[in-house]
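> need coordinates for the following:
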Amino acid sequence: MGIIFICFLLSIQYVRYVGYEKSEYKQLTGTSFGKTFFNKRLYGEYLIVKELQKLPGKHKTLVNLYIPKPNGDTTEIDVIFIHESMIYVIESKNYSGWIYGRERDYKWTQVFQNKKKYKFYNPIKQNRSHIQHLQRLLSSVDEKFFYSLIVFSNRCTLKSIDIESECIEVINRNRLHVVRKINALHRPDAIPVNLIYNKLLPYTNVEEQVKEKHMNDLRKKHSS
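Residues are numbered from 1 along each chain as shown. Prediction:
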């Protein structure tokens, strides 16, 4: 029975491996199966991209973009989903527990079953900064075509989330189908998908020194 169970687990892993090797995420990032599946952040991004590919309409996806700031620093965007009706800027949070937060708050709260709490920077504010720098880069695109999506894992419960602004959604990953409804509210072919994709593509898969500088800038910012 033990050998049969092990063979069953191995077969599942093999199916996952084959699926991953054929995935859009693998093509976009080149990241190995092992590195992705044993890294919570990367695995969350992979699952988001996997769901986005199921959506109808003309679209392209970009992952892990390092967008320049005016001061020479960079801001890292997890996922950009360029649809013919909208540009979705996605902040991925592969968290568990209960999540509480309001748009106006500086910090949000993650609560675990053992009652322990963890504070983290408001992802709406975080993504708003991403969008501002992206809009500077894509100055020809009207700001009404940018949509902020904060996507949490299915392992967490969004207990109390208060949003005041339009063009913002805070959802679990299994609710990414909400993009269909958003797209339906906007006319198709408003976004030049290929043009924007080609303009942003150089900001993905950047050299290691760009990533290292980004991390060092973050450390300096947090330490100060």
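> please, which helix or strand holds residue 151?
Counting by DSSP states H and E, the element that carries residue 151 is strand 146-152.
> quick check: residue 6 is in a helix.
Yes. Assignment of residue 6 by DSSP: H, G, I helix; E, B strand; the rest coil places it within a helix.
> just to revisit the earlier point, and whichever helix or strand comes after the strand holding residue 151, C-alpha only, in PDB?
Beyond strand 146-152 on the C-terminal side, the first helix or strand identified by DSSP H and E is strand 156-162. The C-alpha coordinates for strand 156-162 follow below in PDB (Å, rounded to 0.1, in the frame of the first residue of the first chain):
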ATOM      1  CA  CYS A 156      -7.100  33.200   3.300                       C
ATOM      2  CA  THR A 157     -10.400  34.800   4.100                       C
ATOM      3  CA  LEU A 158     -11.000  38.500   3.300                       C
ATOM      4  CA  LYS A 159     -12.900  39.300   6.500                       C
ATOM      5  CA  SER A 160     -13.300  43.100   6.400                       C
ATOM      6  CA  ILE A 161     -12.100  45.000   3.300                       C
ATOM      7  CA  ASP A 162     -13.300  48.600   2.800                       C
END
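> and whatever helix or strand comes next after strand 156-162, how far out from the chain's middle?
Per DSSP H and E, the first helix or strand lying C-terminal to strand 156-162 is strand 168-172. Mean C-alpha position of strand 168-172 versus that of the full chain (Cα atoms, centre = their mean, to the nearest Å) differs by 11 Å.
> and strand 168-172, what's buried?
Buried residues in strand 168-172, defined by neighbour count with 16 or more other Cβ atoms under 10 Å: 168-171. Just so you know, the C-beta spots here come from the backbone N, C-alpha and C atoms, and that holds for glycine as well.
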